[in-house]
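K.L.:
Fold the stuff below for me.
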Amino acid sequence: MPNRPIVVLLDDYELAARRLADWSAVEALAELRICQAPLRGDALREVVQDADALLLMRDRTPIDSALIDTMPRLKYVSFTGTRNNALDLDALHRRGVPVGLTEWGPSKESTCELTWALILAAIKRLPQAMQALQDGRWRDGGALGQVLHGERLGLVGLGDIGSRVARVAKAFGMDVVAWSPRMTPERAAEHGARSMSLDELVQTSKVVSLHLVMTDATRQLFDAARFAQMRTDAIFVNTSRAGLADEAALVAALQGGRPGVAALDVYAHEPLATDHPLRALPNALLSPHLGFVTQPVFERFYSDMAEGVLAWLRGEPIPRRMPAPPNA
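P.N.:
Now for the predicted structure:
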């Protein structure tokens, strides 16, 4: 069929798009191009320049106004989830390009579970113990694991995910404290926590876990001075947004032994470079941004995305569409 619309789907790292959603109706009306590898620069521009519709996995690939200007045919954009800090929405709104969204599925539960997987792996020194066993060794003088019961968990953010993390901490018998820009004693108490100043939370908590939305006020909230306040045996956990912490300052802090361990799922630039200094630190426990990467979440993401682009191709109302600002 001549002049078929071109739909480009980026960042299918997991090769999950075709496995988890039915694209047959979309492909009956358009040419669907699915890209697996991360793309940047000229390689990205070459792939997207003739796209009529662009489908994005959250904010894995930054799409700025300069790139949008190189896409003259672009008429529809969709991303998974409901928030994308790497997409220039103003540029799309100026062009009159509708933006589709998806439901989240059980992503909050998934991120809570990964947070605890990282905390437990760090506190029990599981990576080191498992590697020793793989290498043919047994408990041969390695550092001893520790116990969470009776220790303090400091939650920086107590929203949908932070409150779930708090409930698990109570089951472990931990003392749960919380801070956020709008925290109140009453709100903290609703989730079994006590409100506390950020300074005291950082200075006294065995585990400090971030669960904030990143804004101008919270960007690099954890800098060199903040890390210097932490206990030498503390575990710093970030499954939220990399921009909440100064990554270079964190590397230096870990090299200096305060905090004792960082357990991270998010990074300033993803995928994490093979020569990134975090990879070489023995006290850095790293996972490749797995918080939301589960089958139930991706099934919802891709099925909603396919439904949205199909509605756009048919000229029907888009089922989940981001409202344009009043002045757009």
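K.L.:
which residues touch the closest residue to S110 other than its chain neighbours?
P.N.:
Among residues not flanking S110 along the chain, T294 sits closest, at 4.7 Å (CB to CB, 6 or more residues apart in numbering). C-betas here are computed from N, CA, C, even on glycine. Residues near T294 by CB atoms under 8 Å, 6 or more residues apart in numbering: 106-107, 110.
K.L.:
Provide a list of residue ranges in the stretch 101-250 of the chain with pLDDT below threshold.
P.N.:
Applying pLDDT under 70 to the stretch 101-250 of the chain flags residues 141.
K.L.:
quick one, strands of it?
P.N.:
Using DSSP state E, counting those that start in this stretch, the strands of the stretch 101-250 of the chain run over 152-156, 175-179, 194-195, 207-210, 235-238.
K.L.:
Which residue lies closest in space to R33, excluding its sequence neighbours?
P.N.:
Of all residues not flanking R33 in the chain, V8 sits nearest, at 5.0 Å (CB to CB, 6+ apart).
K.L.:
That neighbour should be in a strand, yeah?
P.N.:
Yes - note on V8: a strand contains this position according to DSSP: H, G, I helix; E, B strand; the rest coil.
K.L.:
Counting neighbours, what do you get for it?
P.N.:
Applying other CB atoms under 10 Å, we find 21 other residues in the vicinity of V8.
K.L.:
What is the distance between stretch 177-194 and the centre of its chain?
P.N.:
23 Å (CA atoms, centre = their mean, to the nearest Å).
K.L.:
residues of it that come out buried?
P.N.:
By neighbour count on 16 or more other CB atoms under 10 Å, the buried set for stretch 177-194 is 177-180, 183, 188, 191, 193.
K.L.:
cool, and stretch 228-242?
P.N.:
Going by 16+ other CB under 10 Å, stretch 228-242 has these buried residues: 229-231, 234-242.
K.L.:
and the biggest helix by length in the chain, what other elements does it pack with?
P.N.:
Using DSSP state H to define each element, the chain has its longest helix at helix 295-314. In terms of contacts (3 or more CB pairs under 8 Å, 6 or more residues apart in numbering; DSSP states H and E), helix 295-314 is packed against strand 6-9, helix 17-20, helix 24-29, strand 53-56, strand 76-79, strand 99-100, helix 107-123.
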